[in-house]
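**Student:** Give me coordinates for this.
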Amino acid sequence: MKFRTPPPSSSAKSSTVASPKRFSMRVAEWLLDSPRLGENSNVKHIAGRLLKQPAREGVVAAQSRLGQLMCRECGNARDRRIGQDLLRQAARAGDLRAQQELGLIED
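**Tutor:** Residues are numbered from 1 along each chain as shown. Model (predicted):
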C-alpha cells in the first residue's frame, strides 16, 4: 500500500537557504582558530574562500576575519588594500576586532 506524503512546504526550503552561509562561517572560524590547522597556508586559503561570500553579503564577522586574514597573510598590495577595506566596513558596523586591527595598521 502506498502512502502519499504531502509536498514539502515552502518554509522548509527557506530555512535551508540561510544555513550554508552560517555553516561556511563556522567551518572557516574553526579552521582559523584551530592551533594545528590555523598555521597551514593551504588551510588559510580554504578559510578565506569560505569567508568570501558571506563577507560580500555583508556579514560583519566574515568581513572582519577575512580582512584580518588578507592584511596579515597576503603578500601583494592589492590584497592588503582589499583587506583594509573589509576591516573598515566591519569597524563601521561596530566590530571590535576590526577596530583594533585598524588601529594597529593605520598607526
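
**Student:** where along this protein do the helices fall?
**Tutor:** Using DSSP state H, the helices of the chain run over residues 10-33, 41-56, 60-73, 77-92, 96-105.

**Student:** Could you pull up the mean pLDDT of the shortest one?
**Tutor:** The average pLDDT within helix 96-105 is 85.

**Student:** Next: stretch 60-68.
**Tutor:** The pLDDT scores in stretch 60-68 average 94.

**Student:** Go through it and flag the buried ones.
**Tutor:** By 16 or more other CB atoms under 10 Å, the buried positions in stretch 60-68 come out as 60-68. Heads up, the C-betas are built off the backbone N, CA and C, glycines and all.

**Student:** still on that earlier bit, now, of the helices of the chain, which is deepest in the fold?
**Tutor:** Ranked by mean neighbour count, the helices of the chain are led by helix 60-73 with a mean of 22 (mean count of other CB atoms under 10 Å).

**Student:** show me what contacts L102?
**Tutor:** Going by CB atoms under 8 Å, 6 or more residues apart in numbering, L102 touches 84, 87-88, 91.

**Student:** quick one on the thing from earlier: columns distance to R22 on top of the buried residues of stretch 60-68, output as CSV?
**Tutor:** Converted to CSV, the buried residues of stretch 60-68 look like this (distance: CB to CB, whole Å):
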residue, distance to R22
V60, 14
A61, 10
A62, 10
Q63, 15
S64, 16
R65, 14
L66, 16
G67, 19
Q68, 20
